[in-house]
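Q: Sequence and computational prediction follow.
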Protein chains: 2
Amino acid sequence: MHAKTAEFSPELQELAQAAKLLSHPARIAIIKLLAAKKSCISGDIANELPLSRATVCQHLQELKNAGLIKGEISGLNVNYCLNVEKWRSVKAQFEGLFSLTIHEINCNC
Amino acid sequence: MHAKTAEFSPELQELAQAAKLLSHPARIAIIKLLAAKKSCISGDIANELPLSRATVCQHLQELKNAGLIKGEISGLNVNYCLNVEKWRSVKAQFEGLFSLTIHEINCNC
DNA sequence: TTTGTATGTCGTAAACATACGAATTAGCGA
DNA sequence: TCGCTAATTCGTATGTTTACGACATACAAA
């Protein structure tokens, strides 16, 4: 985070942070895969994406650090799944933004 | 955009692009200001944010290039306002993502 | 114990984002 | 015209993200 980012309200910072998580197609793809339960094994996820294992792992860690997904070792594999609570909270934040009342009166554009 | 980003589906790319727009608190703040019509003059927007005029202008251009806001010269000032059509389309894209059915069956996490 | 497979971390290169002072453009009024 | 003000663009410094090969770890089965 740039220093200046800290000068905005915590609400704005949190929403911006959530948006950043969704700002890469690989991370959205991972979320969709986990929601659909098509696969939750790390290697399978990597195989579904046009990126190297190392890069996919990096995106997985990012989502995990943000608490949006959970990982669990299962023998030689690692199962990931969506943290449904967190997902709902992110959803609620965006809904707050999108439910803004838009005042078009006096708009000259 | 990194080269690899192009290898994801257009839908994912578009949504990721929209999320990137919302990934900085200044840009969310600008959208909120414009929605509330508290101010739509460039300089006033800059005064509301803890950033220099040059930086705010840069964020405004980013939103404008993405089509999310429109700008119009009015004498010595420039009036900005939300592009409501585009805003609704972004909203619809996010709603699509958040309306994903989540399958928790077989989840071992 | 050795071998193989699945994951994750490290180091690093390249691209991109953020931030701002200085310079530039452009309208308005004296 | 001349100077004033508002807005944007330019140049540049700094920090962050993306991407991946190579290395490390850890379990499982031969």
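A: Happy to help now that I have it. These numbers come from a predicted model, not from an experiment. Numbering: from 1, shown residues only, chains lettered A, B, ... in the order given.
Q: Which helix runs longest in chain A?
A: Assignment by DSSP state H gives helix A:84-98 as the longest helix of chain A.
Q: Identify the residues contacting that one?
A: A:14-15, A:18, A:21, A:31, A:66-68, B:22, B:28, B:31-32, B:91, B:94-95, B:98, B:102, B:104 (CB atoms under 8 Å, 6 or more residues apart in numbering or on different chains). For every residue, glycine as well, the C-beta is placed using N, CA and C.
Q: Nearest residue to the spatially most central residue of chain A in space, ignoring adjacent ones along the chain?
A: By CA atoms, centre = their mean, chain A has its centre lying nearest to A:Leu21, at 3.9 Å. Closest residue to A:Leu21 apart from its sequence neighbours, by CB to CB, 6 or more residues apart in numbering or on different chains: A:Ala66 at 5.5 Å.
Q: Report how many residues lie close to the one you found.
A: Using other CB atoms under 10 Å in any protein chain shown, A:Ala66 is surrounded by 16 other residues.
Q: who's in contact with the residue in chain A that DNA strand C sits nearest to?
A: Residue of chain A nearest DNA strand C, by CB to the nearest atom of the strand: A:Gly43 (2.2 Å). The contact partners of A:Gly43, taken as CB under 8 Å, 6+ apart, are A:53, A:77.
Q: Please, which helix or strand holds it?
A: helix A:42-48 (DSSP states H and E).
Q: quick one: the strands in chain A?
A: Along chain A, counting by DSSP state E, strands occupy A:69-74, A:77-82.
Q: Go through the first one and flag the buried ones.
A: Meaning strand A:69-74. A:69-71 (16 or more other CB atoms under 10 Å in any protein chain shown).
Q: The residue nearest to A:Leu21 touches A:Ala19, doesn't it?
A: No: using CB atoms under 8 Å, A:Ala66 is not in contact with A:Ala19, being 11.5 Å away.
Q: Just give the closest residue to A:Gln13, not the sequence neighbours.
A: A:Gln13 sits nearest to B:Pro25 (CB to CB, 6+ apart), 5.5 Å away.
Q: can the strands of chain A go into CSV with extra columns for mean pLDDT and distance to DNA strand D?
A: Below are these laid out as CSV (pLDDT from 0 to 100; distance: least, CB to the nearest atom of the strand, whole Å):
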stretch, mean pLDDT, distance to DNA strand D
strand A:69-74, 94, 7
strand A:77-82, 96, 9
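Q: picking that back up, just the buried ones out of the contacts of helix A:84-98, please.
A: A:15, A:18, A:21, A:31, A:66, A:68, B:22, B:28, B:31, B:91, B:94.
Q: will you turn those into TSV that also has pLDDT and distance to DNA strand D?
A: Shown next, in TSV, are the buried ones among the contacts of helix A:84-98 (pLDDT from 0 to 100; distance: CB to the nearest atom of the strand, whole Å):
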residue	pLDDT	distance to DNA strand D
A:Leu15	98	15
A:Ala18	98	12
A:Leu21	98	9
A:Ile31	98	14
A:Ala66	98	11
A:Leu68	98	14
B:Leu22	98	14
B:Ile28	98	16
B:Ile31	98	16
B:Lys91	98	22
B:Phe94	98	18
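Q: Thank you, goodbye.
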